[in-house]
Every structure is written in C-alpha cells, then in structure tokens.
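In: structure of the sequence below:
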Amino acid sequence: MSYLPNRPDRIVVMGVLNVTPDSFSDGGRYASVDDAVAHAVQMRADGADLIDVGGESTRPGAQRVEAAEETRRVLPVVKALAAQGIPISVDTYRASVAAAAIEAGASVVNDVSGGLGDPDMARVVRDAACPWILMHWRGHSASMQQLAHYDDVVSDVRAELSARVDAALAAGVDRDQLVLDPGLGFAKTAAHNWALLASLESLVALGFPVLVASSRKSFLGTLLASADGVPRPVSDREDATTALTAYSALRGVWGVRVHEVRPSVDAALAMAAITAASP
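Out: As a prediction, the model looks like this:
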C-alpha cells in the first residue's frame, strides 16, 4: 500500500507555508488566513505537490508556543486549503495539533522531532494511517545548536534515524508510512550539513523515502557570504536552494521542502529528464 504522494515525472516538491510571526524566512508574511491561503494557492499553481503548514517556528533559538496557539494558527488555514482540494502536510511535533489538522483535512504529518517531541504522535499517525516524516532531531530550537556534536555526523544521523524508525514500527506504524529527513540545520553546523548532503545516498540506502529541507537555511547564507563575511540575506539564497534541489533529485531523494516552488519544480523536471535520457 502506498501512503505517499509520488510523481512519475519528478521528485515531490513541498511548499513551505509558515503561519507564524517569527519564522526565519517568512515570519509574519502569512499571518492572516486570506494571505496564507492565497500564497498556498499560488504555490500549488506553481507545481507544489504538498503545502506544508506550520504554526510554530523551529528556527535556531526560537521559543515554544502553547499548543492552543499553534492550533489556532494552523487549523483555519488547513480547513480552507482542504476545502479547495489542496494536499496538506502539517508541520508539528505535537500529537494534539497533528490530530486536529488531520481531522481538518491534512494528509501528512511532518514531525521535526522524529517522534521524540510527543510520545503520543505515533498513535495519532498509526490511527490516521497517514505518512509520517521523521526528521533527525536532538532537542528544541532554543538550545539545539548546543547539541551539534558527532563522532561521525553521517553515521550518527543514520543510526539515530534508524532508532526512530524502530520506535515507530514498534508502535504499530506501517513502514510504508515513513519518510526520513536528515534535519539540515537542526543541531548541526554548516560542515555537518554539507557532509550529510554529500552522503545522501547513504541515507537513501536505509530503504525509506528521503526528504531534503535545505531551503534558504543559514549554511547557504554562510556559503554565499560577502567578501567581508556578511551572510547572504535569506531572500537572496534561492539560486543555491534550487541547485540543491537539482543535486538532491540526482541522489535519489523522494522530495524537497522549499519556500519558492517554481524554480525547484523546474530543476526537478530537468534532472528527471536527464535521468530518463541516461543510457
């Protein structure tokens, strides 16, 4: 049984929709339901296969919000998008928020904690029989960068993701529901992020669909810094993001999560055409 959205012509592209005041890239831009829905409709028109709706920022240093506030932000948008037939994932690691979003029409749970943030999440996902994206995670945003210590980042992330898979399966979740995300930028330095990207095949080899979420992240700003060391602004990291979409597509990932949908869709189509033409 296939739980996941898949495409025959390219990898999946998820469009980011942050209904938060403090997300690193677009915090506050889509705080009203009308603005959020309009942006989601445009991303869908640009080729997004899923709209990933999040009501709590997970940028480094972000503070938590109450579950009731996260739900208040997310539910009206999920309901409005579902009414238009737009496929939705909910970006949360609270089981109560995930359950409410699923009831409102979300079909995928994108859990940045990999199930560690809420012990009840496995039950919610199991009962809903929906895809569950398990991201590599070591702690909450306010302190996660203090946990960026690895013996070997690729081996350690593989092992820790495998442990999250084992826990999900033990809770009765079907393995075909699971997607793995290496968690770029979460308890990781720029060097860790590049090492994981260089070894994407080793993550794909675990036998699960892999999601890459590199869009506009700070390690790209550092890479593209000015001559005097000032990081490239968030809004000017799109070309690098698109390049990583193309690279990821050639490394066998299932999908990418991006803020700007059309360039990544175009890159994914181009890479798929190259792959199809390869002898």
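In: so which strand or helix has Glu70?
Out: Applying DSSP states H and E as the criterion places Glu70 in helix 67-83.
In: residues of that helix that come out buried?
Out: 67, 70-71, 73-82 (16 or more other CB atoms under 10 Å). All C-beta atoms are positioned from the backbone trio N, CA, C, and that covers glycine.
In: again with stretch 200-207
Out: Leu200, Leu203, Val204.
In: for the residue nearest to the first one when sequence neighbours are not counted, give me its contacts.
Out: Going back to what we said before, that points to Leu200. Spatially, and ignoring its direct neighbours in sequence, Leu200 is nearest to Arg251 (4.0 Å; CB to CB, 6 or more residues apart in numbering). Listed by CB atoms under 8 Å, 6 or more residues apart in numbering, the contact set of Arg251 reads Leu200, Glu201, Val204.
In: so what secondary structure elements neighbour the host helix or strand of the second one?
Out: Glu201 is part of helix 200-204, with elements assigned from DSSP H and E. When contacts are defined as 3 or more CB pairs under 8 Å, 6 or more residues apart in numbering; DSSP states H and E, helix 200-204 sits against helix 153-170.
In: which helix or strand contains the closest residue to Gly47 other than its chain neighbours?
Out: Nearest non-adjacent residue to Gly47, counting by CB to CB, 6+ apart: Val265, 3.6 Å away. Using DSSP H and E, the element containing Val265 is helix 261-277.
In: kindly report the same for Val109.
Out: Per DSSP H and E: strand 108-111 holds Val109.
In: format the CA atom coordinates belonging to that strand as CSV.
Out: Listed next in CSV are the C-alpha coordinates belonging to strand 108-111 (Å, rounded to 0.1, in the frame of the first residue of the first chain):
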residue,chain,number,x,y,z
VAL,A,108,0.7,14.1,6.1
VAL,A,109,2.5,14.8,9.4
ASN,A,110,5.9,16.5,9.1
ASP,A,111,7.4,15.9,12.5
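In: so, low pLDDT: which residues of the chain?
Out: Residue ranges of the chain with pLDDT under 70: 1-2, 22-31, 59-62, 142.
In: do you know how far Asp35 is from Ala80?
Out: 11 Å (CB to CB, to the nearest Å).
In: distance from the chain centre to stretch 137-150, please.
Out: The chain centroid and the centroid of stretch 137-150 are separated by 17 Å under CA atoms, centre = their mean, to the nearest Å.
In: surely Ala167 meets Ala122?
Out: Yes. In this structure Ala167 lies within contact range of Ala122 using CB atoms under 8 Å: 7.2 Å.
In: overlap in contacts of the two?
Out: Counting by CB under 8 Å, 6+ apart, the residues touching both Ala167 and Ala122 are Gly115.
In: among these two, which residue is more densely surrounded?
Out: Ala122 (21 against 16; other CB atoms under 10 Å).
In: which residues are in contact with the closest residue to Ser113 other than its chain neighbours?
Out: In space, and not counting its chain neighbours, Ser113 is closest to Tyr93: 3.8 Å by CB to CB, 6+ apart. Contacts here follow CB under 8 Å, 6+ apart; on that basis Tyr93 touches Asp111, Val112, Ser113, Leu116, Gly117, Asp118, Met121, Trp137.
In: if we go to 7 Å?
Out: Going by CB atoms under 7 Å, 6 or more residues apart in numbering, Tyr93 touches Asp111, Val112, Ser113, Gly117, Asp118, Met121.
In: can you point out the buried residues in the host helix or strand of Val97?
Out: Per DSSP H and E: Val97 is located in helix 95-104. Across helix 95-104, burial judged by 16+ other CB under 10 Å covers Ala95, Ser96, Val97, Ala98, Ala99, Ala100, Ala101, Ile102, Ala104.
In: would you list the residues you listed in a markdown table and tack on distance to Ile88?
Out: What follows is the buried residues of helix 95-104, written out as a markdown table (distance: CB to CB, whole Å):
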| residue | distance to Ile88 |
| --- | --- |
| Ala95 | 17 |
| Ser96 | 17 |
| Val97 | 13 |
| Ala98 | 12 |
| Ala99 | 14 |
| Ala100 | 12 |
| Ala101 | 8 |
| Ile102 | 9 |
| Ala104 | 9 |
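In: between these, which sits nearest His259?
Out: Ala101 (20.3 Å; CB to CB).
In: so what's the gap between the longest strand along the chain and the chain middle?
Out: Across the chain, the longest stretch assigned as strand under DSSP state E is strand 12-18. Put simply, strand 12-18 sits 8 Å off its chain's centre (CA atoms, centre = their mean).
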